[in-house]
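Undergrad: next comes the sequence, and after it the predicted model I'd like to discuss.
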Amino acid sequence: MPIDRLPQLTDPAAAPRLVIKVGSALLVGKDGEPRRAWLTLLVGEIAAARARGQDVIVVSSGAIALGARKLGLARGGRGSLADAQAAAAVGQIALAGLWAELLAAHGLIAAQVLLTLEDLEDRRRYLNVTATLGTLLASGAVPVINENDTVATEEIRFGDNDRLAARVGQAAGASAVLLLSDIDGLYDRDPRLEGAVRVPVVRGVTPEIHAMATGGSSSGLGSGGMTSKLQAAEIAGLAGIALAIIDGRPDSPIGAALAEERGTLFCPPGKARARKAWLGGKLRMKGAVTVDAGAAAALARGSSLLAAGVTAVEGAFLRGDAIAVHGPDGTVLARGLSEYDAGECAALMGRPSAEHEALLGYAPRSALIHRDQLVML
């Protein structure tokens, strides 16, 4: 059953597995302490979802904010990478304990899962995450997931839990991702401007939709903004997962928003195969190739990428690495796994297939990126 209305997110038939992301500004008050009363009501909603037959995974921010308070760090623990890592080390214990305590009040077991970017970018580790989450859910636990900020660096981190939630949704085979935010959805312009209108349903994240977003977090506690939420919607959509943004500030926010259909629902355009969904959701590419108009048109028709249509090669990638495919105007058309390393791609670009064996010194492969290892964006 395709999800095209917010109330379906409470229907076990339409959404048997739900990822709920909770932002820092919702979970932690301005005093640096957890908002226990609000969180208690949210956990009650999670317990109700479990009781009606839905699996629930929680992606919870808040570790850095909680730890910063305990350590007395300025700027909510985000003054430097070292501060953030130290705050996370302390706050993660408090955060896990809080979820465990409140879920236990409903007879539910919390399971802490800390992930880094590489856990979901590397295919083998991604499959291990998938297996672990499947086992936890089958055992009746509620996985509570956060980025492992204690070891993540600027170069190897998600940077926000919106995109992490979407990637977790992919790995877990979720039906929908629900982002609890400090705003009630996507607006057609800055919501602080007069005449701003909320967009209730989005069918495809187009450049026009991206133009509506404003970057940055309004609270100063979190690291995500509307731009990161749109990126999360794109990642979820590649796997056929619906994503919704609702206002998390009211008490019992899920019931309130879904009953009034107040939020923004991003409907997935379709469902990619699991490997292609993983590839399309990858956040870090090892390199890129630029193609001419003819190759771009061939890719749009479902063809593999041939070296003859490549006009430029960037990066120091190896065979099997994920690379981006740019169109003639620089837009990202696709992502795929390269059949050659960067040096070989540079030698082959623009040259017809009949010349490849002489250039390589061995029998060439059928394509630079085979269509089975390529996903259009």
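TA: In hand now; what should we look at?
Undergrad: low-confidence ranges in the chain?
TA: The model of the chain has pLDDT under 70 over residues 1, 152-157, 159, 214-224, 271-275.
Undergrad: quick one: the helices in it?
TA: 24-27, 36-51, 63-71, 81-104, 117-121, 123-138, 161-172, 207-212, 226-238, 253-260, 274-281, 293-300, 342-348, 356-360 (DSSP state H).
Undergrad: comparing the ones you listed, which comes out most buried?
TA: With neighbours taken as mean count of other C-beta atoms under 10 Å, the helices of the chain reach their highest mean count in helix 161-172, at a mean of 28. To be clear about C-beta, it is placed using only N, CA and C from the backbone, and glycine gets the same treatment.
Undergrad: where do the strands sit along the stretch 251-377 of the chain?
TA: Listed in chain order, the strands found in the stretch 251-377 of the chain under DSSP state E, counting those that start in this stretch are 264-266, 287-291, 310-315, 322-326, 332-337, 374-376.
Undergrad: of those strands, which is nearest G91?
TA: Judged by C-beta to C-beta, the one of the strands of the stretch 251-377 of the chain that comes nearest to G91 is strand 264-266, at 29.7 Å.
Undergrad: before we move on, the earlier item: dump the helices of the chain into JSON lines; add distance to L6 as well.
TA: Supplementary listing: the helices of the chain in JSON lines, determined by distance: least, C-beta to C-beta, whole Å:
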{"stretch": "helix 24-27", "distance to L6": "18"}
{"stretch": "helix 36-51", "distance to L6": "14"}
{"stretch": "helix 63-71", "distance to L6": "28"}
{"stretch": "helix 81-104", "distance to L6": "24"}
{"stretch": "helix 117-121", "distance to L6": "27"}
{"stretch": "helix 123-138", "distance to L6": "23"}
{"stretch": "helix 161-172", "distance to L6": "17"}
{"stretch": "helix 207-212", "distance to L6": "18"}
{"stretch": "helix 226-238", "distance to L6": "14"}
{"stretch": "helix 253-260", "distance to L6": "5"}
{"stretch": "helix 274-281", "distance to L6": "23"}
{"stretch": "helix 293-300", "distance to L6": "33"}
{"stretch": "helix 342-348", "distance to L6": "45"}
{"stretch": "helix 356-360", "distance to L6": "52"}
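Undergrad: rewinding a little: want to throw the strands of the stretch 251-377 of the chain into CSV with mean neighbour count and distance to G361?
TA: Listed next are the strands of the stretch 251-377 of the chain as CSV, based on neighbours: other C-beta atoms under 10 Å; distance: least, C-beta to C-beta, whole Å:
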stretch, mean neighbour count, distance to G361
strand 264-266, 27, 48
strand 287-291, 22, 21
strand 310-315, 17, 19
strand 322-326, 23, 23
strand 332-337, 21, 23
strand 374-376, 21, 26
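Undergrad: which of those strands sits closest to D149?
TA: Shortest distance between D149 and these, using C-beta to C-beta, is found for strand 322-326: 24.2 Å.
Undergrad: what packs against the closest one?
TA: With contacts defined as 3 or more C-beta pairs under 8 Å, 6 or more residues apart in numbering; DSSP states H and E, strand 322-326 has these neighbours: strand 287-291, strand 332-337.
Undergrad: show residues contacting the first one.
TA: Residues from elsewhere that reach strand 287-291, judged by C-beta atoms under 8 Å, 6 or more residues apart in numbering: 299, 305, 309-317, 321, 323-328, 330, 333, 338, 342, 345, 349, 368.
Undergrad: before we move on, back to that, which stretch among the helices and strands packed on strand 322-326 comes nearest L127?
TA: Proximity to L127 (C-beta to C-beta) singles out strand 332-337 among these, at 15.4 Å.
Undergrad: kindly export the closest one (C-alpha atoms) in CSV.
TA: What follows is strand 332-337, C-alpha atoms only, in CSV (Å, rounded to 0.1, in the frame of the first residue of the first chain):
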residue,chain,number,x,y,z
VAL,A,332,25.0,15.2,-10.8
LEU,A,333,23.1,12.7,-13.0
ALA,A,334,24.0,9.4,-11.4
ARG,A,335,26.2,7.4,-9.0
GLY,A,336,27.8,4.1,-9.8
LEU,A,337,30.7,1.7,-9.1
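Undergrad: kind regards, and thank you for your time.
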